[in-house]
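Engineer: coords below, sequence missing:
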Ligand SMILES: [Zn+2]
């Protein structure tokens, strides 16, 4: 029988500023969803938009 | 001639110097008879061992999903012990209408599925009267996973016990043959519970995610149960955008929505483009996209029937864009590879619009799938 591959994943939330286009990647927080208004953009202080949430997998 | 004579005659096959040592022949003759008479028993024992191991795995996954469901229900309403309710719930079943006379079966199936969904929703709402739509849908999804896992386990156990009782290796071998597929499905369901609990977008949500972005900042209205639609313009074409209402874990009723759009709202649609996640074959890459023709929508078949039916009646071409993924990818948190197909799919959609439709056409774009964690 095949040995099971162990995989670990981290879920990230990507926010995009609607004004300057700055993208930020942070770990997912409970309550996040795609197209929710996110945190303030660090550059121009307008609210960014969550554009995607995804998991990155790595073998361990 | 007795056995000893036979053994003595076999002496000639022995290497030089060992003549007369007839008992050496027993070393290979005995196992031969052992395998002839007890071979099947031995095989059965090995198959049984294998199946038992897999069954134990499925059992632990089933138990885990049940525990997660109870845990989540408790987190919604701390004053209530939901154990009994959930144990009753995972045994819940739906009897599909008889299909001996398939004429007119689709409305029946739709009716029963609606009744089922409402029943599930009411059961879930009983856990706490103040629950919001998102929590209700999360609980529904978790319960569904727990119910299917329970079902898989019970069917596996049935065949296992039947095989053991009748000492028939054939029952067990059949079970052993489909076990890898069952295990894969069970594992996917087990892992899906985590995504459902956290309200994470799942692989199946890529269609709604793509269309959801087009719908941002536009006036949306509910057109069918848990389904939203809005209007947009692109290069002198009128676009109708449709998806299930997020970020709750809905799939909506796109079939009914398309019927309403065409029959009741009298929108004269020229083309339909459907974007959906599709099962990849082993060897294909997760997140690859493909274009084709036809109603790209899974589920029990009601929505697909409705869309095919109305498209045929009105002569509307239906274009499909699919994003490939495995069973596991489709119901667990969206993988990076799937999320990264976003731009490619977007480009494909506008390519289809530009190449396959004319100026002044009305194009309906449907993002098919479970929209958990994806708003619009
Ligand atoms: Zn900014």
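Structural biologist: Happy to help now that I have it. Just so it is clear, the structure is predicted and the values come from calculations on it, not from any experiment.

Engineer: please see if stretch B:115-133 touches chain A.
Structural biologist: No. Shown here: stretch B:115-133 not in contact with chain A (CB under 8 Å from any CB of the partner chain), separated by at least 12.0 Å. Where you see a C-beta, it was placed from the backbone N, CA and C, and this is true even at glycine.

Engineer: moving C-terminal of the longest helix along chain B, what's the next helix or strand?
Structural biologist: In chain B, taking DSSP state H as the definition, the longest helix is helix B:26-76. Using DSSP states H and E, the next helix or strand after helix B:26-76 towards the C-terminus is helix B:83-89.

Engineer: what's in contact with that following helix?
Structural biologist: B:66, B:69-70, B:73, B:123, B:126-127, B:143, B:146-147 (CB atoms under 8 Å, 6 or more residues apart in numbering or on different chains).

Engineer: and if we set it to 6 Å?
Structural biologist: The set of residues external to helix B:83-89 that reach it, using CB atoms under 6 Å, 6 or more residues apart in numbering or on different chains, is B:69-70, B:143.

Engineer: ok, those vs residue A:10, which is closest?
Structural biologist: Nearest to residue A:10, judged by CB to CB, of those is residue B:69 at 25.2 Å.

Engineer: hmm, the closest one is touching residue B:140, no?
Structural biologist: No. Counting by CB atoms under 6 Å, residue B:69 stays clear of residue B:140, with 10.5 Å between them.

Engineer: more neighbours, those two?
Structural biologist: Neighbours were counted for residue B:69 and for residue B:140 using other CB atoms under 10 Å in any protein chain shown; residue B:69 has more, 27 against 19.

Engineer: which intervals of the stretch 201-350 of chain B have sub-threshold pLDDT?
Structural biologist: The model of the stretch 201-350 of chain B has no residue with pLDDT under 70.

Engineer: thought residue B:258 was touching residue B:305?
Structural biologist: No. Using CB under 6 Å, residue B:258 makes no contact with residue B:305, being 11.3 Å away.

Engineer: and the two? Which one has more around it.
Structural biologist: residue B:258 (31 against 18).

Engineer: for that one, which non-adjacent residue is closest in space?
Structural biologist: Nearest non-adjacent residue to residue B:258, counting by CB to CB, 6 or more residues apart in numbering or on different chains: residue B:307, 5.4 Å away.

Engineer: and for residue B:77?
Structural biologist: In this structure, residue B:77 finds its nearest non-sequential neighbour in residue B:128, 4.0 Å apart by CB to CB, 6+ apart.

Engineer: how many residues are close by residue B:122?
Structural biologist: Per other CB under 10 Å, the neighbour tally for residue B:122 reads 9.

Engineer: that one and residue B:90: what is the separation?
Structural biologist: Noted for residue B:122: a distance of 17 Å to residue B:90, by CB to CB, to the nearest Å.

Engineer: for the residue nearest to residue B:258, what are its contacts?
Structural biologist: Residues in contact with residue B:307 (CB under 6 Å, 6+ apart) are B:255, B:258, B:295.

Engineer: among those residues, which lie within helices?
Structural biologist: B:255, B:258.

Engineer: which residues are in contact with residue B:116?
Structural biologist: By CB under 6 Å, 6+ apart, residue B:116 lies in contact with residue B:94.

Engineer: okay, and it sits in which element?
Structural biologist: Secondary structure assignment for residue B:116, by DSSP H and E: helix B:105-125.

Engineer: now residue 40: closest residue in space that isn't a chain neighbour?
Structural biologist: Let's take chain A. In space, residue A:40 is closest to residue A:47, 6.0 Å off (CB to CB, 6+ apart).

Engineer: my bad, the chain I had in mind was chain B
Structural biologist: residue B:169 (5.9 Å).

Engineer: and for the one you found, the neighbour number?
Structural biologist: Count around residue B:169 with other CB under 10 Å applied: 18.

Engineer: kindly report the residues of chain A close to chain B.
Structural biologist: A:11, A:33-35, A:52-56 (CB under 6 Å from any CB of the partner chain).

Engineer: which parts of the stretch 101-250 of chain B are strands?
Structural biologist: B:221-224, B:227-234, B:237-244 (DSSP state E, counting those that start in this stretch).

Engineer: closest to residue B:9 out of those?
Structural biologist: Minimum separation from residue B:9 across the strands of the stretch 101-250 of chain B (CB to CB) falls at strand B:237-244, 80.5 Å.

Engineer: for chain A, what lies in contact range of the ion?
Structural biologist: By the rule CB under 5 Å from the ion, the part of chain A lying against the ion is A:17, A:19-20, A:22, A:41, A:43-44.

Engineer: tell me the contacts of the spatially most central residue of chain B?
Structural biologist: Nearest to the mean C-alpha position of chain B, counting by CA atoms, centre = their mean, stands residue B:327 at 6.1 Å. Contacts for residue B:327 (CB under 6 Å, 6+ apart) come out as residue B:188.

Engineer: need the phi and psi values for it.
Structural biologist: Main-chain dihedrals, residue B:327, degrees, to the nearest 10: phi -60, psi -40.

Engineer: just to revisit the earlier point, just give me how far the longest helix of chain B sits from the chain centre.
Structural biologist: 24 Å (CA atoms, centre = their mean, to the nearest Å).

Engineer: what mean pLDDT would you report for it?
Structural biologist: The average pLDDT within helix B:26-76 is 90.

Engineer: just give me the neighbour total for residue B:233.
Structural biologist: Residue B:233: 8 surrounding residues under other CB under 10 Å.

Engineer: and it, how far from residue B:89?
Structural biologist: Distance of residue B:233 to residue B:89, given as CB to CB: 46 Å.

Engineer: same question for residue A:24.
Structural biologist: 41 Å.

Engineer: which one's more surrounded, these two?
Structural biologist: Higher neighbour count among residue A:24 and residue B:89: residue B:89, with 20 against 15, using other CB under 10 Å.

Engineer: per-residue pLDDT, the more buried one?
Structural biologist: pLDDT, residue B:89: 87.
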